[in-house]
Each structure stands twice: as structure tokens, then as C-alpha cells.
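Undergrad: This is a predicted model, with the sequence first.
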Amino acid sequence: MPGLKNATTSIVLALTQNSEIYVGAVTNIADVYTFSTFYLELKMRSYLGVISTDARVDDNVTIKTEILLSLMTPSVPIGTPKSLIAGLMWIGVKDGRYHMRHVCQDSDDLRTYGWTHHNGRDYGRQLIIDNGLTLETNFVKSKVEGGGYGGDWAVRIDVQSEKLSPDVDVMETGHLFFYVADEDENDISLSRDSLDVRESSLLASGSRGDVGGWQLHLESTNDVEIHYSGLRTPHLHNLSDLVQVDLAHQIRNLGRLELPDTPGHSSNVAVFQISATFPFGADLTFVSGTDLKSSRVQERISRLSGESLTKKLREKKNEFEDKFQTCFNLSEKIDAESVDVGKAAISNLLGGIGYFYGQSKISVPSKSGIKSDDFLMYWPAELYTAVPSRSFFPRGFLWDEGFHQLLIWRWDIRICLDIIGHWLDLMNIEGWIPREQILGAEALSKVPEEFVLQYPSNGNPPTLFLVLHDLVSGMQTGQFTAAESSEISSFLDRALIRLDAWFKWFNLSQSGKLPNSYFWHGRDNVTIRELNPKSLSSGLDDYPRASHPSEDERHLDLRCWMLLAADCLHTIVKLSENHGLGKEYGFMARQLSDFEILNKVRNSLLLRWGGPGYTTGLVRCMLDKILLKKSASFPPSGLCLEYPRYPVSQKVVMHFAEAYGAYFDFGNHTERVRLHKQLIMNGNYASQEMVREVLEMPKLQFVPHVGYVSLFPFMGKLIPPESGILEQQLDLISNKSILWSDYGIRSLSKTSSVYMKRNTEHDPPYWRGPIWMNMNYMILSALKYYSEADGPYKLRARTIYNDLRTNLIRNVVQNYYRTGYLWEQYDQKTGKGKGARPFTGWTSLILLIMAESYSDGWSISNL
């Protein structure tokens, strides 16, 4: 991994531009960007990520070349999102009509598609069932002497067709469309006017600065017919539209479903139609560095086609099976059907990793004085990341990524570190990271306009600390080899400046009015159309918060995320030489993990956490724990006392409501809110719309909704094993009238006033009842912890743990075999999959649940 060349920052003079930057386009990042509207942008000027074509990471060429060209554009069934792209289209039948398939989308209504095997680097097997059409794609990558940068790769495509019912017509001839496209718009040469693979396997060739000369070859043992079309376009995300235009022209003029066999002028895209009678298959081989004297092109092609390719794919499959067993050891824990679902989970998560390049749109504060637009462009950035869903969310999401990496670090620590490094490279000088990465035209085309702008005032759960906590714990317990531990330690040393800035951004920008309190910014306090204004920045979207957003809010989940971050930074700093910084983070973690402070604050003293280089934040300490005991370590270095804001005798309740036996948010709230239809004038037109009606004045109080947020102290293992409050949490979790279901833990209690209620006329309930795998994983992690900790509730925690784990595995596996997919969420009444599919982001955590492998995050270190 590359080092932080200079742990410094620089001011980048940047301007907005209108030209689009497309996914996979790679450019060298200059020190100064000049566009059209001046603004000052503060950017970290050292890099942690390694997937790039520039020279800044040439100390890690091995990893770069191994991953280059093994990456896939997440929304394309096969493809490589570097500047040279390859992909597959085909013609399928839906409702008796022909349809061109290209990008993954729910509307195609495929029976199933996804990776059954994928190692994240150089091998994958994918199965696609499109009604009666079955496609199997296998790819393998090879780095050989004499090849160019990035190596060679081969794709094997096998196609079969079956008649689903007697009254349904089935195609006798299949049509595949394999394309290669150069995003830098270098010319692609076709081998000859008429393509006959019986005479020559060469389809196309070209040259680039990174891979050198290259060739694409096709071999098939079947009687395949090849047609082609050369195109020139920068708009690769809608390439299928151009292909359909060519086909429609041919059908109208010639009555034939075939490409026109025209090379085009200075084409940067070459599309090859492969047609044959079912069943048939083809091997496509890409070789790089063909302009080198030692290239041995024919020898390399023969190694990646025919029987040699069959042998290579078999070896790679066996390697995957062996590694899967080593990493997760499922053979004695679950049945064979569940094991296959576990393989699909990790394979689709790895197969969904993509590379993106582009610029985020950043909202401009109203006080900025800029009048032309309501946004500015972030600097051009690259991102190597997993994605939640190839069809619905084929882009990076900050809080999702932490959960993704809980799986990926167990499979390939280097891929994990590289992805985390890329995310940290997106941080500005203030420590802010945009929560949703919409980079490039393809990503932008999939996002509703209302979600495009990113707001510098809004955060997102810092889940990457879950992973980093695991890595530190793994080093301390010997889970890694000496080489891996050294690499992790080196990465953490270089990343510390960014992690420190990230924490400080949260501690400054998201702090509440009370010490040790925080609230998510970004809620709409003037909306009239939302039953309960969403908190998108929390990741929990429509989960009910205070009915009237204000600065008086205290969000329990964010407080717990801050504890995780402080404790993780404390452990990282202890591994480094910055021991002074470690004391301050240790002090912060002690305060946030203090069980009495969490429940209520009394006899309190206000402290201000300052010192050189620190953003100011508030910390409240218990007098009876500090002043009366006169701890020798108080106050920590860098802290300065201020006069108390509250009288010593005043009691301030934080998050625990004794009457409910539950933890809650706090804020300006009323339960008497509803949506009702009202006549709204829009210009000269009137329409009936659902608007919010408040039936009583809100007041500062607990927000009495039991759900995932209520369980954060439990998930964070903050409750002492002997505490009666732990018993109350177990009661809430196991009660069928509250959170328990036969399929998992509900996101919101059945007793909530907004349980399964729409938030607007057009927004169905999202985090208001359905079952989500990431939260259930963290609940199981806590149950496992309490089932092993000495205390009076140990056996009960074990029983609940076993029942919940069994229910989750059974339901996910049954859904997978019934529908062919892992789902975004699961219905709390029926167990049926809901939302996006395939959702192989954090739903893939079902594999860790099968393996009983849980995160150490929030397992508070020895402070």
C-alpha cells in the first residue's frame, strides 16, 4: 500500500465545470484544477487508495496489476470499469416480446442472476436465468511474462434455452452482443471486413498507454455466426440504445436481426454479435502487451481458451472452495443448501466491487454568496468500493461500506485496506466525507434528482470504525500473519491523520446542546408533507425521531457511533507513538461508555475539550467520580475547566426512560401527528395532497418509539451483564408484541404509533417494521457476548441468540431458493424478501451469522 507521501494539506483552487466525467475514466490528479467558477476547496493531498494508473503508487505495482481488469462495473453483468471496458448484452424474451438486456435492473424481471463464485481478484462464475434462457459466464485473469500492464483475461459464455411451458414460444437461435470500448476514445481496429472464427480468432485490436497493444480473440466449438458494428461515442452507459438503433435499421431495411458489419469511422467501441443455435458457447480472450517483442500472443491465447481454459477454471473454482472453507468453516454448522447461499453472499459482495471516477455535487450554503447554481463540484475523485445492490444501488454508500468490509477483511485484507483507503481519500480538510458517491454519468443516471446533492453539514454513521476495531483486535489476538499485521499497522499509521479529522468533524458539527450528546443534522424542520421528517444522514431514513426537528435533539445512535469512533481511535493511537492523543481519546471513550452518564446526568461539571489542534467539544463528568475521588489523571492533558452550565443539584436525564425500561432519543416531540388530505393550490390548479397535521404542541421529552435505535446501547455492549436493564432489553427483543418475529428482529415495535405507517403519500414504510440484516447482525453479536459473559441473564441471552440466528438463516435461505435473490429487507409478518434485489451488500452478513463470526466493534478496549 502506498504511504502518505506528506501528511499535510494544501489549498486547491477549483472551479465548477459542465463536462461530464464517466465511470472508469482515469486521469492524473493535478495539484490545481481550473474550471469556470472560483471557490476555495480544502483537500487532503496524500493518498491511501491504490487503484489508479498514475505513478503515485508505483511502490505497489503488484496489487495494482492484479486487480486491474478483474474489476466489474457493478451494474453490468460482466465488464471492467477501467478505461478499457468490456461487457455483455443479449436478447431475451419477456411477455412474448424480445428485449435487449444489458445493465442489471429490476424491471427485467430475471428469474435470478448473480455470482456463485468470485474471489475478488482473478476469477468468477456467474449464473443468469432470463425466463427460459440460461447464461453462465466464467472469467479468469492471468498475469504472465511478456504481457502488458494488467495482464490477460478470458471470459467463457455458455448459453442454453428451455421451453418453460407448451404454450410459450422459445427462441431457437440465441444472440449475444459482446463489446469492447475505450473510454479515452482511442481507435479500435477490426481485424477484417468479414469475421469468420474458423479462419481467424482475432476480432479487434488497439493500443493504450497503460496496457500497450492489445487484441481480443474469440474461439468456439459451435457453428457461430459473427456480425459487428463500430461506433464512436463517449456515452457508454447507454450503449445498448445505440446497438438497438443499428438492429432496428437492419430489420427495417433487410429483415434480418443482425448488426450491419460496418467498422465505423475512428470507432472507440466495437460490438460483436454472436449468434448460434442453442445450446452454444464461446471463449473470448484478451491479451495485452502485444506490441512487445516477447509477447508470445498465440501461446497466451491457447492457455486461456479451449481445454486449457477449462482446466484453469476448474483450478480456480477449487481454490475458491478451499478458501471459503478456511475463512468461514461452515461445514459443521449448517446444511449444504445454506453453505451454497453463503458462497453466493460473499461472491456477490466481491463481484459487486467496482471502480468509479467523477465529481460529487455539493450543496452550496445559502450564505456563500454564489448565485449561479445551488451546488459546486467536488474535486475529481476515484473510488474503489463495494456496492449495496448491482441493480438498484450500483454506487458507494459510506455507512453501508463499513458493514461490507466486515466480510471482506475476513476474505482478503488487502482489498479491504484498499477500499477503506479510497473512502478516506474522499475526505476534505474539515474531515467531512460525502455519504453517497454518485461519480460519473452512469451512476448519476440511476439516482433521483432529490438525492444527488451532498450536504457538507450532514454526516453518516462512521461504520468503517467497526472494521478498523476488528483489525486492531485481530492483530492483538494473532488472527493475522506477521506480514498482514505489519501491513495493517502501516496503513493505520498513515490513516490516523484522516481518522482523527473525521472524528473531530463529527464532534464539532454534530454535537448537541448537552455534553455527551449528539444529533444528526439535515432533518427538514419546515416540511408539511412528512409524517416524521426523515434523518437520511443517520442511515435509518424514516425511523421515527422527534416530531419537530431542533437543536435540542439527542440522538442515541449517533452517541453510540461516537463512542465506537473514540474507542477505536484510542486503540489505534496506542499502537502508534502519539500517546498524548491516545489519552484524550481514552478520556472521551470513558465518558461515552459510562453507564451512569448514559442513563442520567447528576451532580455534573461542564468541561470543554480543547488543546492544540482540537475542535472544541463538550464533555460532562460525574462529580462523585472525579472531584470526590480526586483522580490523579484528572484533568487529562489539553483539557480546560469552565464554569458549570447547570446547578450541581440539577438532574438531567439523558437517554434511559425508567417507565419504559428502554433507551430513547430526546427532542421536541408530540405523538399527535397525522397525515390527512388537503386541497393544495399549484398556480391555477388545485389538487388533493396528503399533508401533515399537528394536533397538539410538541414539548421536550423522550421520543417513545422502541426499535433499532433503542437497542444501540445493547448492541454496543454498554450495559453491564449483571444489570437489571439488560433483562429489560432482552424482554423487549424477545416479546412478539414488540420486536420479535419468526423471521428476525423488527426495525420498529408493533406498539409504535408510526409502525408500518407511510411517511408521505408516496413513501411506504422503510425502517418502520421490516427486518434488516445489518442491525440483526449487531443484535446477534451482542447476544453472543452476553451469553458468554458472567451474569444472571447468560442462559436467557443464549436461548434468544440461538432462536434468532436460526430464524434469520432459515428465512434468508428459503427466500433465496424461492426467489433466486438476497433481498434488501424482509417482511416482519411473512418473511418474504422486500425492496431491492439482489441486495448483496449488508444482507451478505448472513454468511457471518452462519459462521458465528461477529464484530469486535464496541467491545470497549482496556481504557
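TA: That came through, no problem.
Undergrad: hey, let's count contacts and neighbours off CA atoms from now on
TA: Noted.
Undergrad: buried ones in the helix or strand containing Arg494?
TA: Taking DSSP states H and E as the definition, Arg494 sits inside helix 482-509. Using 16 or more other Cα atoms under 10 Å as the test for burial, helix 482-509 gives 485, 487-489, 491-496, 498-507, 509.
Undergrad: Tell me where the stretch 601-750 of the chain has helices.
TA: 623-626, 712-715, 724-734 (DSSP state H, counting those that start in this stretch).
Undergrad: Which secondary structure elements does the helix holding Arg494 sit against?
TA: The contact analysis (3 or more Cα pairs under 8 Å, 6 or more residues apart in numbering; DSSP states H and E) places helix 482-509 against helix 413-424, helix 556-575.
Undergrad: deepest of those, which one?
TA: Of all the helices and strands packed on helix 482-509, helix 556-575 has the most neighbours on average by mean count of other Cα atoms under 10 Å, namely a mean of 24.
Undergrad: What's the first helix or strand after that one?
TA: Once helix 556-575 ends, the next helix or strand along the chain (criterion: DSSP H and E) is helix 579-593.
Undergrad: Now do the next helix or strand after that following helix: everything it contacts.
TA: Going down the chain from helix 579-593, the next helix or strand is helix 595-599, by DSSP H and E. The contact list for helix 595-599 (Cα atoms under 8 Å, 6 or more residues apart in numbering) reads Gln591, Leu592, Cys621, Met622, Val653, Met654, His655, Phe656, Leu718, Ile719, Pro720.
Undergrad: Turn the residues you listed into TSV, columns for distance to Pro462.
TA: Output for the contacts of helix 595-599, formatted as TSV (distance: Cα to Cα, whole Å):
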residue	distance to Pro462
Gln591	19
Leu592	16
Cys621	25
Met622	27
Val653	26
Met654	22
His655	21
Phe656	24
Leu718	18
Ile719	22
Pro720	25
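Undergrad: Which one (most neighbours) among these?
TA: Greatest neighbour count in the contacts of helix 595-599, by other Cα atoms under 10 Å, goes to Leu592: 27 neighbours.
Undergrad: so it sits right up against Tyr518, yeah?
TA: No. With contact defined as Cα atoms under 8 Å, Leu592 does not count as touching Tyr518 (11.1 Å).
Undergrad: The nearest residue to Ala565 once chain neighbours are set aside: which element?
TA: Once flanking residues are discounted, Ala565 sits nearest to Phe465: 5.8 Å by Cα to Cα, 6 or more residues apart in numbering. Under the criterion of DSSP H and E, Phe465 resides in helix 464-476.
Undergrad: what helices or strands is the strand or helix carrying Ala204 leaning on?
TA: Element membership for Ala204 (DSSP H and E) is strand 202-208. Judged by 3+ Cα pairs under 8 Å, 6+ apart, the packing partners of strand 202-208 are strand 188-190, strand 212-219.
Undergrad: Now tabulate those in JSON lines and tack on mean pLDDT, mean neighbour count and distance to Asp106.
TA: Shown next, in JSON lines, are the helices and strands packed on strand 202-208 (pLDDT from 0 to 100; neighbours: other Cα atoms under 10 Å; distance: least, Cα to Cα, whole Å):
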{"stretch": "strand 188-190", "mean pLDDT": "91", "mean neighbour count": "23", "distance to Asp106": "33"}
{"stretch": "strand 212-219", "mean pLDDT": "94", "mean neighbour count": "21", "distance to Asp106": "31"}
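Undergrad: Just put the ones you listed in TSV and tack on distance to Ile597.
TA: Below are these laid out as TSV (distance: least, Cα to Cα, whole Å):
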stretch	distance to Ile597
strand 188-190	67
strand 212-219	63
